[in-house]
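> what follows is a predicted protein model with its sequence.
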Amino acid sequence: MKKLNNLKCNKILVIGDIMIDRYYKGNITRISPEAPVPIFEKKDEYIVLGGAANTASNLIAAKQIVSVASVIGEDIESNLLLNLLKNKDISTNLIIKDSSRRTTVKTRILGQNNQQMFRIDVENKELLDDALESAFLNKILPHISKYSIIILSDYMKGVLTQNITTTIIKTARNLNIKVLIDVKDTNSEKYKGAFLIKPNLTELYALTGLPIKSSEDVIAASKYLRKICDSDFVLTTQGEEGMTLVDREDTAWHVDCISKEVYDVTGAGDTVIAYLGVGLANNFSVLDSVILSNYAAGIKVLKAGTAEVSIEEVKKYISKAEKNYDISKDISKIVKLDRLIKNLHIQKNKKIVFTNGCFDILHRGHLYYLKEASKLGDIFIIGVNSDNSIRRLKGDFRPIVGENDRMSMLAALEFIDYVIKFDEDTPLNLIEAIQPDILVKGGDYLSHKVIGKEIVEAKGGELVLIPFVDGQSTTDIINKILEVYTTAERSII
């Protein structure tokens with residue numbers, strides 16, 4: 001992501017439940033003589049920002065300018081929390097202290113290898129009363145226009161009442177400011193009108209009541225949630241299964257989890273919503289912002305406990321991933337028919353372009369032809385003859401390049417979306433299954449002889465013939481090689 005080199009410092013406001021995450025580290029080596037319980041021997045302790053404050057901390061680590069709005073207690077813990085925020089250069093001007101409330105503290109007991117053993121919570125769950133709610137809104141609303149993005153981090157500790165949430169969403173929407181919500185409540189009305197809503201699987205089920213057992217279920221439930229909340233996007237996080245994004249056109253994208261190992265998921269959701277905000281504040285597309293947040297989350301789950309992820313870590317992680325990229329392992333584009341059909345169903349309402357060929361010894365003529373074809377629609381699919389198919393069509397000396405290598409080279413081209421192999425002599429069955437909107441062939445074909453033309457035209461699609469580049473063909477390349485080596489052999493003799 002070259003865009004990361006040009007990140008700007010944007011003002012982002014985080015509103016929600018802020019808290020202290022306290023950690024006690026130690027060991028259990030014996031049982032108490034007083035009762036049959038283990039004795040935890042504390043060796044160390046530390047405190048970090050938690051909840052919405054952890055989201056703010058991640059934003060600071062991504063070089064953004066951050067303010068936090070919340071309501072906390074008027075106690076010793078509140079002073080600790082404010083000092084933690086100020087030490088991170090997070091503005092606390094929109095925080096209210098109130099003696100009727102307690103500052104939330106989550107204390108985690110960590111054993112050997114930082115394994116979390118249990119947790120102690122001290123918190124308020126009561127909603128703000130009418131007077132405090134009014135005071136909080138009066139404090140926030142005059143400042144909303146100053147921010148590029150607003151993130152609502154709802155931990156159900158009483159700060160984000162329905163009135164506060166809906167008022168902020170409405171005010172921001174009128175100012176064309178995007179509101180991103182990390183949800184927790186089961187009341188979907190509370191989040192209505194937000195730009196993007198981010199549930200996990202448990203939250204998605206609680207908000208919709210729909211099944212979430214399969215990827216199709218998750219997409220359907222995400223679409224339903226987006227509809228009832230009238231949001232522009234819903235991003236459902238699925239742990240090791242990645243993330244699913246849906247938009248107003250009912251288009252869905254799935255982003256695979258990039259982390260091979262998961263050490264600790266604590267605070268991973270805060271990291272995701274923070275880096276979504278970073279991307280959108282810097283004018284990334286929503287999908288690119290999701291991909292950015294996915295990288296950040298991949299780093300977070302490798303860290304113990306609540307932890308921030310810096311933009312430098314993300315850049316290094318992405319650079320390493322790109323450096324180690326192995327084209328032969330690019331399986332996201334090389335698909336089998338069942339997976340392709342499933343993906344096309346997810347991406348419905350997109351114009352599908354299809355072409356096919358052997359693509360034995362990829363050359364400049366192929367590149368021109370394929371690139372021009374890709375411009376005709378939204379999803380570009382290449383059907384590739386298998387080795388067996390080519391042998392039947394061209395003889396036992398072909399192909400020169402094996403099917404796996406041919407497909408990998410095509411998959412490496414940015415403008416190609418899917419590559420699929422077929423073993424028949426023609427792609428007729430493939431075309432019938434895919435039902436493309438545009439069928440593309442080279443200019444040397446006669447229109448009435450193109451396989452699949454009737455199928456495409458029957459559904460209102462069209463056949464497009466694209467001229468080849470003169471003097472460019474696999475046969476010419478093979479003949480040239482034979483000529484050169486035959487001449488060389490004769491000269492040696």
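Structure received.
> could you pull out the helices for the stretch 351-493 of the chain?
364-374, 387-394, 403-411, 428-434, 453-458, 474-492 (DSSP state H, counting those that start in this stretch).
> what's the closest of those helices to P38?
helix 403-411 (53.8 Å; Cβ to Cβ). C-beta here means a position set from N, CA and C on the backbone, and glycine is covered the same way.
> and the contacts of the closest one?
Residues outside helix 403-411 that contact it (Cβ atoms under 8 Å, 6 or more residues apart in numbering): 327-328, 330, 333-334, 358-360, 362, 370, 382, 384-387, 399, 401, 416, 419, 421.
> tell me the SS of L59?
For L59, the assignment made with DSSP: H, G, I helix; E, B strand; the rest coil gives helix.
> and it, how many residues sit next to it?
Here the number of neighbours of L59 (other Cβ atoms under 10 Å) works out to 30.
> same thing with I434?
Residue neighbour count, defined by other Cβ under 10 Å, stands at 24 for I434.
> how close does the closest residue to it other than its chain neighbours get to S389?
What sits nearest to I434 in space, not counting adjacent residues and going by Cβ to Cβ, 6 or more residues apart in numbering, is F354, at 6.0 Å. F354 is 17 Å from S389, where distance means Cβ to Cβ, to the nearest Å.
> who's more crowded, those two?
For F354 versus S389, neighbours defined as other Cβ under 10 Å are more numerous around F354 (27 against 20).
> list the contacts of the more buried one.
380-383, 427, 430-431, 434, 436, 438-440, 452.
> is it bridged to anything, and to what?
F354 has the following beta-bridge partners by DSSP bridges: I381, L439.
> next one: N27
E41.
> show the pLDDT at it.
The model reports N27 with a pLDDT of 91.
> shaky segments in the protein?
1-2, 259-263, 322-332, 443-445, 468-476, 478-480, 482-493 (pLDDT under 70).
> give me the domain ranges for it.
With domains defined by automatic domain parsing, the chain comprises 2-325, 337-479.
> which of those domains sits most buried?
Comparing these by mean neighbour count (mean count of other Cβ atoms under 10 Å), domain 2-325 ranks first with a mean of 19.
> could you pull out the helices in the stretch 151-300 of the chain for me?
Using DSSP H, counting those that start in this stretch, helices in the stretch 151-300 of the chain cover 162-174, 201-208, 215-229, 268-281, 286-300.
> okay, those in TSV with distance to I477 next?
Listed next are the helices of the stretch 151-300 of the chain as TSV, based on distance: least, Cβ to Cβ, whole Å:
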stretch	distance to I477
helix 162-174	58
helix 201-208	52
helix 215-229	42
helix 268-281	44
helix 286-300	37
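> now do S293 against G277, distance only.
9 Å.
> check K227 too.
Going from K227 to G277 by Cβ to Cβ gives 24 Å.
> do the same with V401
46 Å.
> and for T29?
In terms of Cβ to Cβ, T29 sits 44 Å off from G277.
> now I299, nearest residue through space, not along the chain?
Counting by Cβ to Cβ, 6+ apart, the residue nearest I299 is V309, at 4.9 Å.
> ok, the one you found - contacts?
By Cβ under 8 Å, 6+ apart, V309 lies in contact with 58, 61-62, 271, 275, 296, 299-300, 303.
> again with I341
433-434.
> where does it land in three-state SS?
Under three-state DSSP, I341 comes out as helix.
> and it, how far is that from A220?
For I341, the distance to A220 - Cβ to Cβ - is 17 Å.
> any idea which helix or strand comes after the host helix or strand of L80?
In the assignment (DSSP states H and E), L80 maps to helix 76-87. Proceeding N to C from helix 76-87, the next assigned helix or strand is strand 91-98, under DSSP H and E.
> is it true that V384 touches I420?
Yes: with contact defined as Cβ atoms under 8 Å, V384 counts as touching I420 (7.0 Å).
> contacting residues around the residue lying closest to R226 once chain neighbours are set aside?
In this structure, R226 finds its nearest non-sequential neighbour in V234, 4.3 Å apart by Cβ to Cβ, 6+ apart. Residues in contact with V234 (Cβ under 8 Å, 6+ apart) are 196-199, 222-223, 225-226, 245-246.
> switch to 7 Å and redo it
197, 222, 225-226, 246 (Cβ atoms under 7 Å, 6 or more residues apart in numbering).
> check F422 too.
Residues in contact with F422 (Cβ under 7 Å, 6+ apart) are 383, 385-386, 389, 430.
> next: L4.
311, 314-315.
> again with K449
Contacts of K449 by Cβ under 7 Å, 6+ apart: none found.
> for K441, see how far away it is.
9 Å.
> next: E133.
On the measure of Cβ to Cβ, E133 and K441 end up 65 Å apart.
> what's the nearest residue to I431 if we skip its chain neighbours?
G452 (3.6 Å).
> surely that neighbour touches A433?
No: between G452 and A433 there is no contact under Cβ atoms under 7 Å: 10.8 Å.
> show me what contacts the residue nearest the centre of the chain?
Centroid check for the chain by Cα atoms, centre = their mean gives V290 as the closest residue, at 3.6 Å. Going by Cβ under 7 Å, 6+ apart, V290 touches 235, 243, 245, 255, 276.
> just T208 next, same as before
Residues in contact with T208 (Cβ under 7 Å, 6+ apart) are 221, 224-225.
> can I assume L292 is in contact with G279?
Yes: judged on Cβ under 7 Å, L292 makes contact with G279 at a distance of 4.6 Å.
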